[in-house]
Structure formats: C-alpha cells, structure tokens
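Engineer: I'd like to go over a predicted model; first the sequence, then the structure.
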Amino acid sequence: MGIIFIIIILSCFFPQISFAVMPPDFIFNIGAQVAQFLSIITLFTSIAFGFVYQFFKSRFGLLERRKLLVVGITSVLLISGIVTYVYSMDKQQKEYERWLEESRIHSQPIQVNDKQEKEAVETGPIQEIEDSFYNLNKDVAISINDSDFMQVVMSNRVDYVILDAREDIEYTNGHYPDSLHIRFADLRNGQWQKLPKDKYIYVICWSGIRGKEVAEFLREKELAAIYLEGGALSWFDYGGKWIGNVKFADKYSESRYHIVFTTEEVRNMVAQGVLLIDTREPEKFKASHISNSINIPTMYTPSDEIEKTFGQLPSGSKFITVCDGYVNCFDAKVTGVELERRGHEFLGRYNKPWEYAK
C-alpha cells in the first residue's frame with residue numbers, strides 16, 4: 001500500500017511530458033480508463049480499510065487510536081485520486097488544444113514566392129513538355145527535297161517514319177517500301193494519334209500538294225511532320241525506292257478517265273437520267289452546287305463512312321463526277337474508280353460547275 005501511495009504522490013508532483021501526442025479521441029479514452037481505474041482502486045482501498053477498522057475494533061479495541069490514522073490515510077488517497085484526475089484532464093485538454101493548433105498550421109496552403117514558383121515551373125512537368133520532340137524540332141523546315149530525303153533513307157537513322165497519306169487505290173498501285181499507310185481523311189478523323197510523337201514523320205502524297213496539307217495538319221497536332229516536296233511522282237523520277245507504279249494514268253488508261261465533258265453535254269446527259277456526283281470539298285459543296293447533285297468527296301470521307309456515302313447511289317447508276325480544282329478533279333477520278341467497283345458506270349468528269357446554271 002505504501003508503494004502505491006508513493007507512486008501516486010510522485011505522479012502528482014513530478015509529472016513527465018509526453019512528446020508523442022495521440023489523437024484526441026484516443027486520449028479521451030485513456031483518460032476515462034484512468035479515472036475508472038482510480039475509482040476502482042479507491043473503492044477497494046476503502047473496503048480494505050473498512051475490514052481493518054472492524055478488525056481493530058473487535059480484536060484490539062483500538063478504535064479511538066486508529067480512527068485518526070484511518071481518516072488521514074483515506075483522505076490522502078481520496079485527495080490524491082482527485083488531484084490526479086483533475087491534473088490528467090487538464091493535461092489532456094492542453095494537449096488536445098496543441099494538437100488542434102498544429103493541425104491547423106499544417107493544413108494551411110504553402111505560400112510560394114515568385115522565385116520559388118519560377119523554379120518549380122522550370123524543373124516540373126512543364127519543362128518536360130517544353131523538351132518534347134516536337135518542341136525541339138518545330139522550327140525544322142516543313143518540306144524536304146528528293147536529294148535530302150535520299151540522304152535520310154540511306155542513313156542508319158531510326159528517328160523517323162514514312163507516312164503515305166494517299167488513297168487506297170493509289171497505295172495499292174504503288175508505294176514506298178514499308179511505309180505506313182493512313183488516308184488523310186482518316187488522319188483527320190483521329191488516326192493521327194497512332195503516329196509516333198518522338199520521331200520525324202515524312203509525308204508522301206502524289207505531287208506534294210496534299211502532302212503539304214497533311215504536314216500542316218499534323219504540325220497542328222504537335223507532330224514533327226515533313227512532306228516530300230515533289231511527292232511520289234518526283235521521287236519516282238529521281239530514282240528513289242518504290243514498289244509498283246506511281247502514275248494513276250498508267251493503270252487507269254481508259255478514255256473515260258480522261259474525258260472532260262462540256263456544259264452542254266452534261267445538261268443533255270442529266271436530262272437522260274445521268275447522275276452528277278460532286279467530288280469537291282464539303283465546304284465548297286455547301287456554298288454552291290448543281291441542283292440534285294450528290295456530294296461524295298472520297299478524299300474527305302473517313303474509311304468507316306465510305307460505304308454509307310457510296311450507298312447514296314441507286315444500283316447500277318450512270319454518273320459523271322463534278323470538280324473545279326487540281327486536287328478535287330483527281331478525287332473525281334478516284335471516286336469514279338471506287339464507284340465502278342461497286343457496280344456503277346463512270347462516264348467521265350465535268351470541271352466547270354459554275355457554268356451549269358447559266
């Protein structure tokens with residue numbers, strides 16, 4: 001009993017500070033348990049002294065002489081218990097307030113001055129974007145001639161791919177060995193995302209006109225695209241690597257692929273039921289077009305919409321393709337071939353639609 005008494009006294013007058021602050025709910029639970037423990041100790045101590053008191057009273061008759069001692073010890077125990085309880089609750093409250101203050105401080109946003117922010121930007125993710133392959137090469141010329149392209153393909157470089165953006169029938173007719181073939185319409189429809197972001201993309205078309213348009217489109221997507229200035233035709237004549245033919249006319253030499261009708265001839269054939277297929281760009285068609293003509297710009301139609309677009313014609317239709325420029329008049333030939341493959345009859349082209357309504 002004396003040891004317990006000494007421990008309680010020491011805990012009151014020589015408290016030790018705890019440096020590891022537990023969460024408040026844990027502290028409250030511990031405090032409640034301590035209070036309960038002290039209450040139980042006090043209860044058992046009172047019972048024990050009750051038995052002692054009865055023993056002395058019945059056996060030794062020392063009631064009067066022990067009374068003061070019992071009252072004194074009991075009072076000391078009660079006072080010690082109360083003081084310990086009050087002190088522990090006060091300590092818990094102070095630790096809880098300190099814990100809240102520390103939580104508030106650490107939860108505040110960190111203030112960064114302009115210098116620190118600049119340093120973070122220079123060393124953070126933005127720096128990685130600035131160092132991307134495209135940003136490091138965006139000032140490279142957008143075109144390349146046959147001679148320089150020959151040096152590229154004859155080197156051991158592995159930092160490039162060759163993209164053939166022509167139509168399917170053109171690629172089937174002839175192409176650069178191991179080139180990647182994606183139609184321009186499909187690139188615009190999202191397939192540009194299949195291209196590597198960490199390599200140069202050398203674009204091949206037939207004459208260089210479409211290649212320039214493709215390269216400009218890809219650069220808008222932050223891809224390091226470069227088009228072959230003279231296209232496949234110039235590269236083939238230069239003696240560059242090539243599989244198959246390059247000239248469309250060599251394979252499609254029949255007269256219908258070269259016929260260009262006059263306005264009067266077209267009017268007469270339309271009166272006989274011949275359809276007009278306008279292969280001009282969708283924007284041009286919307287701006288103006290011949291009445292009852294159908295807009296089928298093959299070069300501007302994604303592959304997953306081709307069949308639906310070609311399906312606008314009744315089976316076995318006779319048709320003339322309408323165009324007004326270098327590229328869309330070539331598209332007029334391509335569209336003629338594609339529709340022939342689907343059972344229609346291609347008669348020829350008409351390249352002066354602005355005269356038709358006069």
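Structural biologist: Right, received. Where do you want to start?
Engineer: so where do the helices sit in the stretch 151-300 of the chain?
Structural biologist: 168-173, 184-188, 209-220, 231-238, 248-251, 263-271, 282-287 (DSSP state H, counting those that start in this stretch).
Engineer: By mean pLDDT, show me the worst of these.
Structural biologist: Sorting the helices of the stretch 151-300 of the chain by mean pLDDT places helix 248-251 lowest, at a mean of 85.
Engineer: rewinding a little: can I get the helices of the stretch 151-300 of the chain in CSV with distance to G343?
Structural biologist: From N, CA and C alone the C-beta is placed, and that goes for glycine too. CSV is the format used below for the helices of the stretch 151-300 of the chain (distance: least, CB to CB, whole Å):
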stretch, distance to G343
helix 168-173, 17
helix 184-188, 23
helix 209-220, 28
helix 231-238, 30
helix 248-251, 20
helix 263-271, 19
helix 282-287, 24
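Engineer: Dump those to a markdown table, plus mean neighbour count and distance to G311.
Structural biologist: Supplementary listing: these in a markdown table, determined by neighbours: other CB atoms under 10 Å; distance: least, CB to CB, whole Å:
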| stretch | mean neighbour count | distance to G311 |
| --- | --- | --- |
| helix 168-173 | 17 | 18 |
| helix 184-188 | 19 | 17 |
| helix 209-220 | 19 | 26 |
| helix 231-238 | 19 | 31 |
| helix 248-251 | 15 | 25 |
| helix 263-271 | 15 | 21 |
| helix 282-287 | 13 | 17 |
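Engineer: For I201, which of those is the nearest?
Structural biologist: With CB to CB as the measure, helix 209-220 is the member of those nearest I201 (6.2 Å).
Engineer: close enough to count as contact, Y176 and I204?
Structural biologist: Yes - counting by CB atoms under 8 Å, Y176 touches I204, with 6.0 Å between them.
Engineer: shared neighbours of those two, which are they?
Structural biologist: 162, 164, 232, 235 (CB atoms under 8 Å, 6 or more residues apart in numbering).
Engineer: Might one say that the third one is in contact with V246?
Structural biologist: In other words, A232. Yes - taking CB under 8 Å as the definition, A232 is a contact partner of V246 at 5.1 Å.
Engineer: Touching both of those two, which residues are there?
Structural biologist: 174, 206.
Engineer: How many residues are close by F319?
Structural biologist: Using other CB atoms under 10 Å, F319 has 23 neighbouring residues.
Engineer: Am I right that it sits in a strand?
Structural biologist: Yes - if the criterion is DSSP: H, G, I helix; E, B strand; the rest coil, then F319 is within a strand.
Engineer: ok now do the residue nearest to it when sequence neighbours are not counted, which residues does it touch?
Structural biologist: Spatial nearest neighbour of F319, excluding adjacent residues (CB to CB, 6 or more residues apart in numbering): L275 at 4.3 Å. Contact analysis of L275 by CB under 8 Å, 6+ apart lists 293-294, 313, 317-320.
Engineer: can I see the domain layout of this structure?
Structural biologist: Domain ranges of the chain: 2-107, 140-251, 255-356, per automatic domain parsing.
Engineer: Look at V274 and say how many residues are nearby.
Structural biologist: Neighbour tally, V274, other CB under 10 Å: 16.
Engineer: Where does pLDDT dip in the stretch 101-250 of the chain?
Structural biologist: The stretch 101-250 of the chain contains residues with pLDDT under 70 at 101-130.
Engineer: need the strands for it, in chain order.
Structural biologist: 143-144, 160-164, 174-175, 180-181, 200-204, 225-228, 243-244 (DSSP state E, counting those that start in this stretch).
Engineer: can you put those strands in JSON lines and add distance to M154?
Structural biologist: Shown next, in JSON lines, are these (distance: least, CB to CB, whole Å):
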{"stretch": "strand 143-144", "distance to M154": "14"}
{"stretch": "strand 160-164", "distance to M154": "12"}
{"stretch": "strand 174-175", "distance to M154": "18"}
{"stretch": "strand 180-181", "distance to M154": "19"}
{"stretch": "strand 200-204", "distance to M154": "13"}
{"stretch": "strand 225-228", "distance to M154": "15"}
{"stretch": "strand 243-244", "distance to M154": "17"}
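Engineer: which of those strands sits most buried?
Structural biologist: Here the criterion is mean neighbour count by mean count of other CB atoms under 10 Å, and of those the winner is strand 225-228, at a mean of 26.
Engineer: Not counting it itself, show me its contacts.
Structural biologist: Counting by CB under 8 Å, 6+ apart, 140-144, 146, 149, 163, 200-205, 208, 211-212, 214-219, 234-235 sit against strand 225-228.
Engineer: Output that strand in PDB with nothing but the alpha carbons.
Structural biologist: Taking Å, rounded to 0.1, in the frame of the first residue of the first chain, the C-alpha atoms of strand 225-228 are listed here in PDB:
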ATOM      1  CA  ALA A 225       5.800  16.200 -89.900                       C
ATOM      2  CA  ILE A 226       7.800  17.000 -93.100                       C
ATOM      3  CA  TYR A 227       6.400  16.500 -96.600                       C
ATOM      4  CA  LEU A 228       8.200  15.400 -99.700                       C
END
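Engineer: Partner strands of it, with direction?
Structural biologist: strand 143-144 (parallel), strand 200-204 (parallel) (DSSP bridges).
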